[in-house]
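K.L.:
any chance you could fold what I've pasted below:
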Amino acid sequence: MPRVVGIDHLVLSVGDFARAKEFYAKVLGFLGFKLKYAYADMAGWSNGKTLFWIAAADAQGRKRKYRKGDIGFHHYAFELSSRRDVDELGAFLEKNGMTVLDPPGEYYGRNYYAVYFADPDGMKLEGMIWAPPDTKRKPAARAKRRRRES
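P.N.:
Residues are numbered from 1 along each chain as shown. From the prediction side, this is the model:
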């Protein structure tokens, strides 16, 4: 029986290819992707494991705006390696004037930490991690507690 071992690539159709390419070059570059393929109406970035493509929407597709909830793409989540990475992505988005839909924080319980943002067409993207909050106490806090207990 065939087994899927991963997702090779994703292709998003975009309304304004030049504007979307500039946006994705910044975001994907920040996330460690490098431009691997560049064509007049398509571009693909890779991080060595995943390919992320954009392609110019055709004339019929450009007649209406993207609407989350229609059949098709809902959102794409980039799994990051730490809560700090999620915070750094949030800061990067803010610094670059990109649309942050929901700031870095806990969603769906304490173990899901994410930032939600939109591309120039309004398509929802996410940087996230499944990780509980860091519960390690700072050495200074422990020392103070011991003094109070003494």
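
K.L.:
how about the helices in this protein?
P.N.:
Using DSSP state H, the helices of the chain run over residues 17-30, 83-95, 139-149.

K.L.:
buried stuff in the first one?
P.N.:
What it means is helix 17-30. Of the residues in helix 17-30, Phe17, Ala20, Lys21, Phe23, Tyr24, Ala25, Val27, Leu28 count as buried by neighbour count, 16 or more other Cβ atoms under 10 Å. To be clear about C-beta, it is placed using only N, CA and C from the backbone, and glycine gets the same treatment.

K.L.:
what helices or strands is that helix leaning on?
P.N.:
strand 42-46, strand 51-56, helix 83-95 (3 or more Cβ pairs under 8 Å, 6 or more residues apart in numbering; DSSP states H and E).

K.L.:
right, and Gly90 touches Asp102 too?
P.N.:
No. Gly90 lies out of contact with Asp102 (Cβ atoms under 8 Å); the separation is 9.5 Å.

K.L.:
could you give the mean pLDDT of stretch 49-56?
P.N.:
Taken as a whole, stretch 49-56 has an average pLDDT of 95.

K.L.:
buried residues in it?
P.N.:
The neighbour-count criterion (16+ other Cβ under 10 Å) identifies Leu51, Phe52, Trp53, Ile54, Ala55, Ala56 as the buried residues of stretch 49-56.

K.L.:
over to stretch 93-100?
P.N.:
Along stretch 93-100, the positions that meet the burial threshold by neighbour count (16+ other Cβ under 10 Å) are Leu93, Met98.

K.L.:
what's the average pLDDT for it?
P.N.:
Mean per-residue pLDDT for stretch 93-100: 98.

K.L.:
now do the domain split for this structure, please.
P.N.:
1-57, 75-144 (automatic domain parsing).
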